[in-house]
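>>> model the structure of this input:
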Amino acid sequence: MELHRTAQVPRIVELDIGGMTCASCVNRVERKLGKIEGVHASVNLPLESARVEVPAGVSDEQLITTVAAAGYTAKVKARPRPGAVPPEGGAPPSSAGADEAQAPTLLPRLVVGAVLTVPVVLISMVPAAHFPHWGWWAAALALPVVTWAAWPFHRAAAVNARHGGSTMDTLVSLGVTAAYVYSLVQLLADPGLTADPAMEMSRGALYFETAAVVTTFLLLGRWLEARARSRAGNALRALLDRGAKRATLLRDGAETEVPAEQLVPGDLFVVRPGEKIATDGVVREGASAVDASLLTGESVPVEVSEGSRVTGATVNTSGRLVVEATRVGSDTTLAAMARLVSEAQTSKAPIARLADRISAVFVPVVLAVTAVTFFLWLVLGGVLPAAFTAAVAVLVIACPCALGLATPIGLLAGSGRGSQLGILIRGAHVLEDTRAVDTIVLDKTGTVTTGRLAVDTVDALGTLDRAALLRLAGAVESASEHPLALAITAAARQAHDGGPLPAVVGFRSAPGGGVEGTVEGRRVLVGRTDWVGGQLGSAPDEQATARFAEREEAGATAVWVAVDGALAGIVALRDSVKPGSAAGIGRLRALGLRPVLVTGDNAAVAARVAGEVGIAAKDVQAGVRPEGKVEAVRRLQSGGARVAMAGDGVNDAPALAQADLGIAMGSGTDVAREAADLTVMGDDLNQAAAAIALSRRTLAIIKQNLFWAFFYNTVGIPVAALGLLNPMIAGAAMAASSVLVVANSLRLTRFTP
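Numbers count the residues shown, from 1 in each chain. Modelled structure (predicted):
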């Protein structure tokens, strides 16, 4: 019975899938795989990959064959050996590989198309540029554009047609082909059509420039889209690149430097001050402070000593550590975070473009109307040229120039204005996400606060005043590399107008405790309660202890200062709120978003920060680890909220990927920026609010474009079918609709936050 239950557990297969161009491709692959009994597939268009749950009895070859039957290519992703780290932090090579290959392939087609389209437009549209038989030159110049340059559209249309589907590519291929073929037929039927440059073209019409312009503009949109999509998998590589590449292995008392991936559980390795910890483990010798902010978001380093657990990719800031490896390779915390990013991106269902949803119905309708128009004119009128002209007019008026330009031109205008404002929009799908979000999860450190410790208060408990106390504490701390010491030293120098501090003699550091030394003949100690009390031989009195506790309860990190064997005061440090955070959160509220603060810091710190920026206490979650941030986002989503997430650290990357809309603060890490949908190049929440406002405005413009483009088609097609619109007028109307779409999109260039 146990064996039977085990056999029923589905395995997970990850596939790389090539050839997908739109949301309907995703749906087709998922439907095909879903027809295999017990198989559940989630296909990700930006990553061109699929995560497939496969029951026993279904082979990888069967999955690949099924995808191939749908018209796409597939291969199983290479699985790393247990305990191995993918090379160079290697996120799966194919995460963005297909698009990385597609963008360079599209670029030569775009360049050739643009170079040839310009003379075609000039020859065709400018009477002064006409010369004898210019039509044949236009045909020759447009031919490479509508064949070689437009090949990606023709190929995708053929694949869709073979499987009974239609997408935007079908519309493009039909429109371009119809415009060119009709024009070529006109020339072949009447070779002297353009023999006289001054002759009015009353005997026919040519649309070579229409076919060329449609191809070039849509290639531009496709190339820009491929470039954006190629970055989707970079979050995984950037995340794993945070890991240490080398480790100092300790074996039989000898130290040997080895690649970090060669460590196995049980190995002892040395971590010196300033080095990254190579992998997850337990401290066996030494004590230090570990900067875990990249993974946990904690602004204060964590004190570790013998027996403490440490995490790979964190930084040892002070003492020498000997660590025993406990988890390596794919079992480490860093690798688990990479999996969280990957799973969150895969589980985020691609949003089908509105144009594709329209074209799924629109193309069959256009083909049906074209066929009916041809046969009715042929049967009722009995004249083949008239029937052909009416049918071609339907195809030309249905050519998706405006419909195809609606999204890329709007996105270009919006993203161009965004770049001027320091806002980067990942792609068209982001715009739809911004419209629906109603909750925004904010990381604290680096997003709402500066992420840097600074001296907040100095309490003098003895005869020394605050300035003298800070001067002595800064002098002794100047010999330490601990982040707390750096903050105290900076404050002391600033208080003395940047001048030099007194020299320290006999400096000694006690990792996890504090520092001591002699300054101007006076013995000075700075450190934590237990250590300072042990050095003095007595604990602080009740009044001093109460003041110390008050500082910590207010969310500060406090240390004692003792001078010449007596307590002299308390120095409290805290992470300060950014000047624009309160106003930025106010603007987010005005946009209809509910702010929620989620942080790895303690509850006191979180409550203080929330109070300063105007976030309700019920919307504060403290002490949350990276995986907890993902769960916080999921809980809000399961409650019906559409969630945006703003963050800046490695620890935020999984949550940024899981959120319906990820916003990375530009001052943060590459990992956060790669996992996000929106990036603001500054570090002000006002800019995040501006990014959402711009995205929503861009989406509104794109929807207006799509409405007018579709309205033009729905009105123009029946007019053309009735024979009231010849192809020349249809082409002019189509050009006018494109101008309208472009002009409407250019309104975004005047957007002001």
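
>>> list the contacts for the nearest residue to residue 26 once chain neighbours are set aside?
Once flanking residues are discounted, residue 26 sits nearest to residue 43: 4.7 Å by Cβ to Cβ, 6 or more residues apart in numbering. (Each C-beta comes from the backbone N, C-alpha and C, glycine too.) Going by Cβ atoms under 8 Å, 6 or more residues apart in numbering, residue 43 touches 17, 20, 26, 29-30, 49-50, 350.

>>> in three-state terms, label residue 43 for me.
strand (DSSP: H, G, I helix; E, B strand; the rest coil).

>>> which residues does it form a beta bridge with?
Beta bridges link residue 43 to residue 50, judged by DSSP bridges.

>>> report pLDDT for it.
Confidence at residue 43, expressed as pLDDT, is 78.

>>> ok, residue 228 next?
At residue 228, the model reports a pLDDT of 50.

>>> same question, the one 3 residues further on
Confidence per residue is given as pLDDT, and for residue 231 that number is 50.

>>> cool, and residue 399?
Looking at residue 399, the pLDDT reads 62.

>>> if you count neighbours, what's buried in stretch 170-183?
170-180, 182-183 (16 or more other Cβ atoms under 10 Å).

>>> check stretch 509-521 too.
Residues 509-519 are the ones in stretch 509-521 that count as buried (16+ other Cβ under 10 Å).

>>> then stretch 282-290?
Residues of stretch 282-290 classed as buried by neighbour count (16+ other Cβ under 10 Å): 283, 286-290.

>>> ok, now stretch 526-544?
526-529, 531-533, 535, 540, 544.

>>> separation between residue 594 and residue 607?
Taking Cβ to Cβ, to the nearest Å as the measure, residue 594 falls 18 Å from residue 607.

>>> cool, residue 247 as well?
40 Å.

>>> looking at those two, which is more packed in?
More crowded of residue 247 and residue 607, by other Cβ atoms under 10 Å: residue 247, with 27 against 18.

>>> avg pLDDT for the helix of greatest length in the chain?
Taking DSSP state H as the criterion, the chain has its longest helix at helix 685-721. What helix 685-721 shows for mean pLDDT is 84.

>>> also stretch 496-512?
Stretch 496-512 comes out at a mean pLDDT of 84.

>>> go on, stretch 110-124?
Stretch 110-124 comes out at a mean pLDDT of 91.

>>> oh, and call the first residue 9 from now on, that's how I've got it
That works, and once the first residue is 9, the last one we named lands at stretch 118-132.

>>> in it, which residues are buried?
Residues of stretch 118-132 classed as buried by neighbour count (16+ other Cβ under 10 Å): 118, 120-122, 124-125, 127-129, 131-132.

>>> need the CA coordinates for stretch 703-713. PDB is fine.
These are the backbone C-alpha positions of stretch 703-713, laid out as PDB (Å, rounded to 0.1, in the frame of the first residue of the first chain):
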ATOM      1  CA  SER A 703       1.300  53.200 -15.900                       C
ATOM      2  CA  ARG A 704      -2.400  53.700 -15.400                       C
ATOM      3  CA  ARG A 705      -2.400  56.600 -17.800                       C
ATOM      4  CA  THR A 706      -0.500  54.700 -20.400                       C
ATOM      5  CA  LEU A 707      -3.000  51.800 -20.100                       C
ATOM      6  CA  ALA A 708      -5.900  54.200 -20.600                       C
ATOM      7  CA  ILE A 709      -4.200  55.600 -23.800                       C
ATOM      8  CA  ILE A 710      -3.600  52.100 -25.100                       C
ATOM      9  CA  LYS A 711      -7.200  51.100 -24.500                       C
ATOM     10  CA  GLN A 712      -8.400  54.300 -26.300                       C
ATOM     11  CA  ASN A 713      -6.100  53.300 -29.200                       C
END
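
>>> need the contact partners of stretch 523-540.
Under Cβ under 8 Å, 6+ apart, the answer for stretch 523-540 is 480-481, 483-485, 487-488, 490, 493, 496, 510-518, 520-522, 543-544, 547-548, 556, 567-573, 575, 579.

>>> quick one: buried ones out of these?
Counted by 16+ other Cβ under 10 Å, those give 480-481, 483-485, 487-488, 490, 493, 496, 510, 512, 515, 517-518, 520-522, 543, 548, 556, 567-571, 575, 579 as buried.

>>> helices - which of the buried residues of stretch 534-552 land there?
Short answer: those in helices (DSSP H) are 537, 539-541, 543, 552.

>>> rewinding a little: want to throw the buried residues of stretch 290-298 into CSV with pLDDT, distance to residue 447 and secondary structure?
Converted to CSV, the buried residues of stretch 290-298 look like this (pLDDT from 0 to 100; distance: Cβ to Cβ, whole Å; DSSP: H, G, I helix; E, B strand; the rest coil):
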residue, pLDDT, distance to residue 447, secondary structure
291, 93, 40, strand
294, 90, 44, coil
295, 87, 42, coil
296, 87, 39, strand
297, 85, 35, strand
298, 86, 33, strand
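
>>> so who does residue 438 touch?
When contacts are counted by Cβ under 8 Å, 6+ apart, residue 438 touches 669, 685-686, 703.

>>> if we use 10 Å, what do you get?
236, 359, 419, 423, 432, 669-671, 684-686, 699, 703, 706-707 (Cβ atoms under 10 Å, 6 or more residues apart in numbering).

>>> so it, which of the three states?
Per three-state DSSP, residue 438 ends up helix.

>>> quick one, what contacts residue 332?
Neighbour list for residue 332: 258, 273-277, 289-293, 318 [criterion: Cβ under 10 Å, 6+ apart].

>>> give me the nearest residue to residue 330, chain neighbours excluded.
Nearest residue to residue 330 in three dimensions, chain neighbours excluded: residue 293, at 3.8 Å (Cβ to Cβ, 6+ apart).

>>> hang on, the earlier thing: by pLDDT, give me the weakest of the buried residues of stretch 178-191.
Lowest pLDDT among these: residue 179, with 67.

>>> show me where the stretch 409-558 of the chain has strands.
Ranges of strands in the stretch 409-558 of the chain, per DSSP state E, counting those that start in this stretch, are 431-433, 447-451, 457-468, 512-518, 522-527, 530-535.

>>> now swap in the stretch 209-358 of the chain and tell me
Assigned strands in the stretch 209-358 of the chain, in chain order: 254-259, 262-267, 276-279, 288-293, 296-299, 310-312, 317-318, 323-324, 329-335 (criterion: DSSP E, counting those that start in this stretch).

>>> adding distance to residue 399, write the ones you listed out as CSV.
Shown next, in CSV, are those (distance: least, Cβ to Cβ, whole Å):
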stretch, distance to residue 399
strand 254-259, 70
strand 262-267, 67
strand 276-279, 76
strand 288-293, 69
strand 296-299, 71
strand 310-312, 74
strand 317-318, 73
strand 323-324, 70
strand 329-335, 68
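
>>> mean neighbour count, those strands: which tops it?
Here the criterion is mean neighbour count by mean count of other Cβ atoms under 10 Å, and of the strands of the stretch 209-358 of the chain the winner is strand 296-299, at a mean of 24.

>>> returning to that earlier point: between the buried residues of stretch 534-552, which is closest to residue 505?
Distances from residue 505 to these, taken as Cβ to Cβ, are shortest for residue 534 (22.2 Å).

>>> so that closest one bridges to which residues?
The partner residues for residue 534, given DSSP bridges, come to residue 523, residue 569.

>>> so what's it scoring on pLDDT?
With respect to pLDDT, residue 534 scores 94.

>>> again, but for residue 303
Reading off the confidence values, residue 303 has pLDDT 60.

>>> distance of residue 82 from residue 518?
Remark: distance between residue 82 and residue 518 (Cβ to Cβ) = 59 Å.

>>> same check on residue 65?
63 Å.

>>> quick one: end-to-end length of stretch 541-561, please.
Taking Cα to Cα, to the nearest Å as the measure, stretch 541-561 stretches 20 Å from start to finish.

>>> ditto for stretch 148-163
Criterion Cα to Cα; first-to-last residue distance in stretch 148-163 is 22 Å.

>>> average model confidence for that stretch?
Average pLDDT, stretch 148-163: 93.

>>> re the thing from before, how about the buried residues of stretch 290-298 in JSON lines, adding distance to residue 758?
Shown next, in JSON lines, are the buried residues of stretch 290-298 (distance: Cβ to Cβ, whole Å):
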{"residue": "291", "distance to residue 758": "59"}
{"residue": "294", "distance to residue 758": "61"}
{"residue": "295", "distance to residue 758": "60"}
{"residue": "296", "distance to residue 758": "55"}
{"residue": "297", "distance to residue 758": "51"}
{"residue": "298", "distance to residue 758": "50"}
